[in-house]
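1. below is the sequence, then the predicted model.
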Amino acid sequence: MDLLLKDFKPVSELRVPENRIEKPKYPVYDAHSHWGHLLLGNNYPALYNTMEVVESLKEVGVKRIVNLDGFADGELDKVLAKTEEAGDFIRHFGSVDVTRIYERDFETMVYRTLRDSKAKGIAGLKFWKVIGLVYQNPDGTYIRPDDPRLSCIWQCAAEMNLPVLFHIADPIAFFKPIDRFNERIEELGEHPDWAFNDPSLYSFDELMQMQHNMVKNNPKTTFILAHVASCAEDLRAVAKWLDELPNMYVDIAARIGELGRQPYTAKWFLETYADRIMFGTDMAPGYDLESYRIPYRFLETMDEYFSYDTSGTGMQGRWQIYGVGLSDEALRKIYYENADRLIG
């Protein structure tokens, strides 16, 4: 029988305990979500009813959530207006226009933007992989996350007590050749623009070193490195960085698939560094609420070999995951205590 790999959808015949977690053991503070144009497009105000989404989130145990799509100026005003009726259930992270790094008054603009944004209520800042992989210098090189010209942002954030969430890279496989050895080949086949294996780009390891430099060189700034510091495939490396950098935290958003396929190492990591890890989903309004129930199941149960895929459009990689059954102390810290402390 001829069968394409994309059509191969095996059903496990394992007969093992299954526990569906409708609500988490403790309230959840989701420190990583998107309510603005980054995932939803510029027409996002017409795409969801804010209070309907909020009520559905409360039904699955969410007590507060961070919107990372605050940006600045008019875009911040737009998302604040859209979500105003939710009150402090939604906290917003803002940003700065890094493309203006060449302007003579860049530092002045940074301080003005952050001062104005904080007055409007932002609780932190968010930056992502366009710094390092998209924005370029006049000579064609890419702006580095550890570029000294950006230090004024990190210094200002420290002065204003604003944590900085930074998503610096993507899964390691996205930086590898798209061939028969690539474990994410189906996903990259569907989204070829997600590949960062062009020789002109910084490598994954170079970006990890820049991330380390950025956090180390700005010890007064609190950094939340998204997606397990973009290195969920190598938890020993992330643990080493956490040991070295007391101002570094991570979230687990959109990395349950990576964590759950290494349950022994993941359990050790999550228990050992529970003080430095925050819950996150990477959700946006309209996403399936399984985006919460699957992480709950992963964190709270010892279930074996279950699916982490919530999209229905295909898996990130051809594997299943296992629960890690965290202690109550670790659950409380990861679910809400750390975010309460850092974000408020």
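-> Now that the structure is in, tell me what you want to look at.
2. can you pull out the strands in this structure?
-> Taking DSSP state E as the test, the strands found in the chain are 28-33, 62-71, 90-94, 124-127, 164-166, 223-225, 248-251, 277-278.
3. any idea how far apart the tips of stretch 13-30 sit?
-> 34 Å (Cα to Cα, to the nearest Å).
4. and it, how far out from the chain middle?
-> When distances are taken as Cα atoms, centre = their mean, to the nearest Å, stretch 13-30 is centred 21 Å away from the chain's centroid.
5. rewinding a little: turn the strands of the chain into JSON lines, columns for mean neighbour count, distance to Phe204 and mean pLDDT.
-> C-beta coordinates here come from the backbone N, C-alpha and C atoms, glycine included. Putting these into JSON lines (neighbours: other Cβ atoms under 10 Å; distance: least, Cβ to Cβ, whole Å; pLDDT from 0 to 100) gives the following:
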{"stretch": "strand 28-33", "mean neighbour count": "26", "distance to Phe204": "21", "mean pLDDT": "98"}
{"stretch": "strand 62-71", "mean neighbour count": "24", "distance to Phe204": "22", "mean pLDDT": "97"}
{"stretch": "strand 90-94", "mean neighbour count": "24", "distance to Phe204": "25", "mean pLDDT": "98"}
{"stretch": "strand 124-127", "mean neighbour count": "26", "distance to Phe204": "18", "mean pLDDT": "98"}
{"stretch": "strand 164-166", "mean neighbour count": "24", "distance to Phe204": "15", "mean pLDDT": "98"}
{"stretch": "strand 223-225", "mean neighbour count": "26", "distance to Phe204": "14", "mean pLDDT": "98"}
{"stretch": "strand 248-251", "mean neighbour count": "25", "distance to Phe204": "17", "mean pLDDT": "98"}
{"stretch": "strand 277-278", "mean neighbour count": "26", "distance to Phe204": "22", "mean pLDDT": "98"}
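6. adding distance to Pro177, write those strands out as CSV.
-> Formatted as CSV, the strands of the chain follow (distance: least, Cβ to Cβ, whole Å):
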stretch, distance to Pro177
strand 28-33, 30
strand 62-71, 31
strand 90-94, 35
strand 124-127, 28
strand 164-166, 27
strand 223-225, 26
strand 248-251, 28
strand 277-278, 32
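7. pull out the buried positions in stretch 186-202.
-> For stretch 186-202, a neighbour-count test (16 or more other Cβ atoms under 10 Å) marks Glu186, Glu187, Leu188, Ala195, Phe196, Leu201, Tyr202 as buried.
8. contacts for that stretch, please.
-> Residues outside stretch 186-202 that contact it (Cβ atoms under 8 Å, 6 or more residues apart in numbering): 5-6, 132-133, 142, 144, 169-170, 173-178, 182, 204, 210, 313-318.
9. let's see 6 Å
-> In this structure, residues lying in contact with stretch 186-202 by Cβ atoms under 6 Å, 6 or more residues apart in numbering are Gly132, Leu133, Phe174, Phe175, Pro177, Ile178, Gln316.
10. which of those tops the neighbour count?
-> With neighbours taken as other Cβ atoms under 10 Å, the top of the contacts of stretch 186-202 is Gly132, carrying 24 neighbours.
11. so what's it closest to, chain neighbours aside?
-> Closest residue in space to Gly132, ignoring its immediate chain neighbours: Pro145 at 5.1 Å, by Cβ to Cβ, 6 or more residues apart in numbering.
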